[in-house]
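Undergrad: Sharing a model prediction with you, sequence too.
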Amino acid sequence: MSKKVIEVNQASFQRDVIQRSFQEPVLVDFWAPWCGPCRMLGPVLERVASEADSGFVLAKLNSDQNPALTQQFGIQGIPAVKAFANGRVVDEFVGAQPEPMVRQFVGRVKSGFKPATASSSAKRPQQPTDPAARLKQARQLLSQGSGCKAQNLLENFPAGSQAEEAGQLLLLASFMCSGGQELGGSADVQALYGQAASAMQRREASAALYNLLVALNQEPDGRKDRTRGVMQAIFVLLGENDVVVQQYRSLV
């Protein structure tokens, strides 16, 4: 198998898809062994990915063996291909496609990609040294759905008056950056966490809180604190006067 074609699962998805997509586009092929169209599309994707100048990574994910991820990304039919760039889904298609259409799809994804560690890094402001400014920037990133970038700002935050808030928001940032998977739990609960993280990335806090609340009610008592912590962090991000906060606070 080419180095540009990898197999991913629940455990490796954050590292091999989300994090890697900050360096180059990653196309995730949701497939299953019993799926005839998958066996048609798979070799086409692998051939294009294996070319010397492909410019992307193909990550093959067995949907039968990874039901939580399949639910998280709303897969209703396979084969399904989702293109990730800078931690987010930027394009997708469903069903077996002829090679010219696949190449057109790849070209579209590549043309719109700006690696976070390359040309865009020169335009990115340096991390603030002032804790208040650093916290403000992290809040802005979270509000924009950029959990991984906010996490970098909030980790190892200096002691002081902003440290408690930074610690709360760090829990939310790491939750978003991991796609909700760091909280673990059953497959059904993990799917809810994944939907909540995706909603926060789309700046849909109400949908995120709804999924977190459903997950909270399904978790055993010994596992509820982390879920509550993520919800509380969303409250901190939105502010006490936000109508969504007022709607959900009494339910936590």
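TA: Done, it's in.

Undergrad: do you know how far Phe235 is from Ser161?
TA: As judged by CB to CB, to the nearest Å, Phe235 and Ser161 stand 19 Å apart. Quick note: C-beta positions are derived from backbone N, CA and C, even for glycine.

Undergrad: Counting neighbours, go ahead and name the busier of those two.
TA: More neighbours surround Phe235 than the other of Phe235 and Ser161, with 20 against 9 (other CB atoms under 10 Å).

Undergrad: From Gln246, how far out is that one?
TA: Applying CB to CB, the value for Phe235 to Gln246 is 10 Å.

Undergrad: any low-confidence regions in the stretch 101-250 of the chain?
TA: Applying pLDDT under 70 to the stretch 101-250 of the chain flags residues 116-127.

Undergrad: Quick one: the helices in it, in order.
TA: 119-123, 131-143, 147-154, 163-177, 187-201, 205-218, 224-238, 243-248 (DSSP state H, counting those that start in this stretch).

Undergrad: Using JSON lines, lay out those together with distance to Gln72.
TA: Below are these laid out as JSON lines (distance: least, CB to CB, whole Å):
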{"stretch": "helix 119-123", "distance to Gln72": "27"}
{"stretch": "helix 131-143", "distance to Gln72": "20"}
{"stretch": "helix 147-154", "distance to Gln72": "15"}
{"stretch": "helix 163-177", "distance to Gln72": "13"}
{"stretch": "helix 187-201", "distance to Gln72": "3"}
{"stretch": "helix 205-218", "distance to Gln72": "10"}
{"stretch": "helix 224-238", "distance to Gln72": "16"}
{"stretch": "helix 243-248", "distance to Gln72": "21"}
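
Undergrad: Among those helices, which comes closest to Pro79?
TA: With CB to CB as the measure, helix 187-201 is the member of the helices of the stretch 101-250 of the chain nearest Pro79 (20.1 Å).

Undergrad: Would you mark the buried spots in the closest one?
TA: Buried positions in helix 187-201, judged by neighbour count with 16 or more other CB atoms under 10 Å: 189-201.

Undergrad: Check the residues you listed and tell me the two furthest apart.
TA: Spatial extent of the buried residues of helix 187-201 (CB to CB) is set by the pair Val189 and Gln201 at 18.9 Å.

Undergrad: for the nearest residue to Phe157 once chain neighbours are set aside, what are its contacts?
TA: Of all residues not flanking Phe157 in the chain, Ala166 sits nearest, at 4.0 Å (CB to CB, 6 or more residues apart in numbering). Counting by CB atoms under 8 Å, 6 or more residues apart in numbering, Ala166 makes contact with Pro131, Arg134, Leu135, Ala138, Leu154, Phe157.

Undergrad: Mind doing that once more with 6 Å?
TA: Ala166 is in contact with Leu135, Leu154, Phe157, counting by CB atoms under 6 Å, 6 or more residues apart in numbering.

Undergrad: Thanks a lot, see you next time.
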